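In: sequence unavailable; structure follows:
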């Protein structure tokens, strides 16, 4: 058999890499971190079942509690996120964009909480109404000593939902950023006490790109709401 007659290689095509991500430790100052935790614990009664992209309730897909009011911590987080935006764009290899909006959601994950594999981007009418999410982020915090396990952020390789992934631990006072189009999930949480105060707390963050007719950011945040 000549070289030209050799059978085609049966080797599998190279696997695509996982999506880019970055972990930023010590994201908030100790007093800011403590204030956010105190706010979450003091407002337990205001948390409600978490929705899918703010619209649908499906515990089989997402099981958690959420609150859209971050109290005094809201402007602090927004300021810190805007300060980091240039670094986020560079670290993630994303084309620079004018931010129109930062969306924040406080979430509590207790025993059995999870979020199935999904992407954070919108399509169709929802995209036309809300705009384009470009960067997603999660800020983690919880009461010490840590009384839960699990709850890792799992980022899937491009084109692969069941194989090829990286798990990121919900480390205290850390912020994780990744592109909003990356497939990801929250692994199940085990919290034996089932006490709300022992939950895996997080602030979910989304940067939106300005679209035609929308204002960009001002030096002090302006329309970044």
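Out: Perfect, thanks for sending it. Here the structure is a predicted model, which is why all the values come from computation and not from measurement.
In: where do the helices sit along the protein?
Out: 30-42, 73-92, 124-130 (DSSP state H).
In: between those helices, which one is closest to residue 112.
Out: helix 30-42 (19.0 Å; CB to CB). (Each C-beta comes from the backbone N, C-alpha and C, glycine too.)
In: how much space separates the residue nearest to residue 106 when sequence neighbours are not counted from residue 192?
Out: Excluding the flanking residues, the one nearest residue 106 by CB to CB, 6 or more residues apart in numbering is residue 67, at 4.5 Å. Separation of residue 67 from residue 192 (CB to CB, to the nearest Å): 24 Å.
In: the two: which is more packed in?
Out: Per other CB atoms under 10 Å, whichever of residue 67 and residue 192 has more neighbours is residue 67, with 19 against 10.
In: which ones are touching the more buried one?
Out: 40, 43, 46, 47, 48, 105, 106, 107, 108 (CB atoms under 8 Å, 6 or more residues apart in numbering).
In: now, the residues you listed that are in strands?
Out: 48, 105, 106, 107, 108 (DSSP state E).
In: what about the fourth one, how many residues nearby?
Out: The local packing count at residue 107 equals 22, with neighbours defined by other CB under 10 Å.
In: wait, it touches residue 62, no?
Out: No - counting by CB atoms under 8 Å, residue 107 does not reach residue 62; the two are 9.6 Å apart.
In: shared neighbours of the two, anything?
Out: Shared contacts of residue 107 and residue 62, counting by CB under 8 Å, 6+ apart, come down to residue 50.
In: closest to residue 98 out of the helices of the chain?
Out: That would be helix 73-92 among the helices of the chain, by CB to CB, at 10.2 Å.
In: can you pull the buried residues of the closest one?
Out: By neighbour count on 16 or more other CB atoms under 10 Å, the buried set for helix 73-92 is 73, 74, 77, 78, 80, 81, 82, 84, 85, 88, 89, 92.
In: roughly how far does the closest residue to residue 114 other than its chain neighbours sit from residue 19?
Out: Leaving aside its sequence neighbours, residue 114 sits nearest to residue 188 (CB to CB, 6+ apart; 4.5 Å). For residue 188, the distance to residue 19 equals 22 Å [CB to CB].
In: please apply the same query to residue 99.
Out: In terms of CB to CB, residue 99 sits 20 Å off from residue 19.
In: wait, what's in contact with residue 22?
Out: Contacts of residue 22 (CB under 8 Å, 6+ apart): 88, 91, 92, 176, 177, 178.
In: quick one, strands of this structure?
Out: 22-24, 48-49, 62-63, 65-67, 99-109, 114-118, 132-141, 149-150, 153-156, 165-168, 174-179, 184-186, 189-190, 200-209.
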